[in-house]
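Undergrad: Just need the structure, nothing else, for what follows:
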Amino acid sequence: MHTAELLSQAIDLSRRTGYQIREEALEGAGGGHCMIRGKKWLLLDLTQTQQEQLNDVIDALRSEPNLELDGVPEVLVQSLRVPRAA
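TA: Numbering: from 1, shown residues only. Predicted structure coming up:
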C-alpha cells in the first residue's frame with residue numbers, strides 16, 4: 001500500500017475515532033494531536049511529507065486506549081503496533 005493510501009486510511013480511522021482534522025500549511029512546524037474544549041483535534045502540516053503526516057496520525061491513534069481495528073487494513077494495524085524508533 002502506498003503512503004498516500006495509508007495516510008488516507010489512517011485519517012479515516014482517526015475521524016471514526018472522534019478526531020476533528022485540520023490540514024494547514026505550517027511551514028514545516030509539524031502537526032500533532034490535542035484536546036481542545038473536550039474535543040480531539042489532529043493537526044496535519046501540509047508542508048511535511050506524506051510519511052511525516054502519517055507518523056503524526058499514527059501517533060494520535062496510538063494514544064487511543066480503546067481503538068477499534070475491525071475492518072482496518074492489516075498494513076495499518078501493523079503500523080500502529082510497531083513503536084517508532086527514538
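Undergrad: Gln20 falls within a helix, correct?
TA: No - secondary structure of Gln20, determined by DSSP: H, G, I helix; E, B strand; the rest coil: strand, with no helix assignment.
Undergrad: Contacts only, for the residue lying closest to it once chain neighbours are set aside.
TA: Leaving aside its sequence neighbours, Gln20 sits nearest to Trp41 (Cβ to Cβ, 6 or more residues apart in numbering; 5.1 Å). Placement of C-beta: from N, CA and C, glycine included. Each residue near Trp41 by Cβ atoms under 8 Å, 6 or more residues apart in numbering is listed here: Tyr19, Gln20, Ile21, Arg22, His33, Cys34, Met35.
Undergrad: Would you map the strands across this protein?
TA: Taking DSSP state E, the strands of the chain run over residues 19-24, 32-36, 39-45.
Undergrad: out of those strands, which comes closest to Arg62?
TA: strand 32-36 (10.0 Å; Cβ to Cβ).
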